[in-house]
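# model this:
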Amino acid sequence: MNKGLVAIVIAVIMGMALIFTANILSNTAVSIKNKGYVQVTGYAKQEILSDLGIIEAVIKTESPDIKECYKKLAADRDKLRIYLGKEHTVTSGELVVKPASIQEVYKINDRGFDTEELVKYVLSQTIRVETKDVKKVEKISSEMIELLDEGVKLDIMSPEYHYTALEGLKIEMIGKATANARERAIKIAKEGKFKLGSIADVRVGVFQITPKNSTDVSDYGYNDTTSIEKEIKSVVEIKYFVK
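The predicted structure is shown next:
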């Protein structure tokens with residue numbers, strides 16, 4: 001085959017390829033129009049800092065003598081309150097002392113059943129610190145164990161960190177995700193050579209509030225209380241009518 005004929009064949013093939021590609025794009029636009037709408041997903045993410053910290057500790061005392069048990073509980077409670085005030089500047093307004101509870105422990109027989117013989121009393125009382133100074137809570141959680149050296153028996157709960165303006169922020173995030181969906185829809189319409197109409201349907205996804213840089217998600221939404229630095233993520237699906 002001479003060079004002239006080869007050139008003609010290549011030109012014909014290229015021309016057919018361009019026509020085929022144009023048909024694909026055209027058919028895509030027609031397909032969207034025939035369905036009557038285009039669906040897009042909008043996404044928004046924002047970093048937030050917790051503004052409320054909570055930590056609880058449970059003081060426990062035990063003794064066969066109920067009076068001694070209460071006396072030890074009161075002494076340990078005072079040690080804890082003094083420690084929190086002196087070492088961590090916890091104020092009375094940040095401190096909640098919950099009512100004490102009592103448990104009676106009886107001797108167990110050879111068959112594993114309780115007898116009527118009282119062995120001891122176990123008293124417990126929860127002390128709760130709730131403050132806007134989240135760094136204070138973080139420090140308390142790591143250092144409160146020092147009280148064990150003073151004979152105070154403690155069960156220290158994991159600290160919680162919350163963002164109190166969450167409901168207002170959720171509304172703002174829906175707006176940002178909606179705007180992002182609109183931008184995507186406009187771009188698709190421009191590329192597909194059609195016009196957007198009014199909104200046909202909107203679905204707001206569950207919010208994912210996770211530790212910063214986390215990829216954790218849940219179908220039911222995620223609300224992290226373990227970290228001070230967080231991210232809130234919002235997803236919105238919107239269907240636009242096509243003109």
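# Just the CA trace of stretch 124-137, in CSV.
Extracted in CSV, the C-alpha atoms of stretch 124-137 (Å, rounded to 0.1, in the frame of the first residue of the first chain):
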residue,chain,number,x,y,z
SER,A,124,-18.9,4.3,96.5
GLN,A,125,-19.3,7.9,95.5
THR,A,126,-18.9,9.6,92.1
ILE,A,127,-17.0,12.9,91.8
ARG,A,128,-17.5,14.7,88.5
VAL,A,129,-15.4,17.5,87.0
GLU,A,130,-17.1,19.5,84.2
THR,A,131,-15.3,22.4,82.8
LYS,A,132,-14.8,24.5,79.6
ASP,A,133,-11.0,24.2,80.2
VAL,A,134,-10.6,20.9,78.2
LYS,A,135,-6.9,20.9,78.7
LYS,A,136,-7.5,20.8,82.5
VAL,A,137,-9.6,17.6,82.1
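# got the contact list for that stretch?
With CB atoms under 8 Å, 6 or more residues apart in numbering as the contact definition, stretch 124-137 has outside contacts at 49-61, 73, 77, 80-81, 84, 88-90, 94-101, 103, 140, 159, 161, 228. Yep, even glycine has a C-beta here, placed from its N, CA and C like the rest.
# Please convert the buried members of those into ChimeraX selection syntax.
Paste this into ChimeraX to select the buried members of those, with burial taken from 16 or more other CB atoms under 10 Å:
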select :50,52,53,54,55,56,57,58,59,60,61,73,77,80,84,88,90,94,95,100,140,159,161,228
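# quick one: the helices in this protein?
3-35, 66-88, 134-143, 166-192 (DSSP state H).
# mean pLDDT lowest for which of those helices?
Comparing mean pLDDT across these, the weakest is helix 3-35, with a mean of 42.
# Quick check: chain neighbours aside, which residue is closest to Tyr83?
Of all residues not flanking Tyr83 in the chain, Leu147 sits nearest, at 6.0 Å (CB to CB, 6 or more residues apart in numbering).
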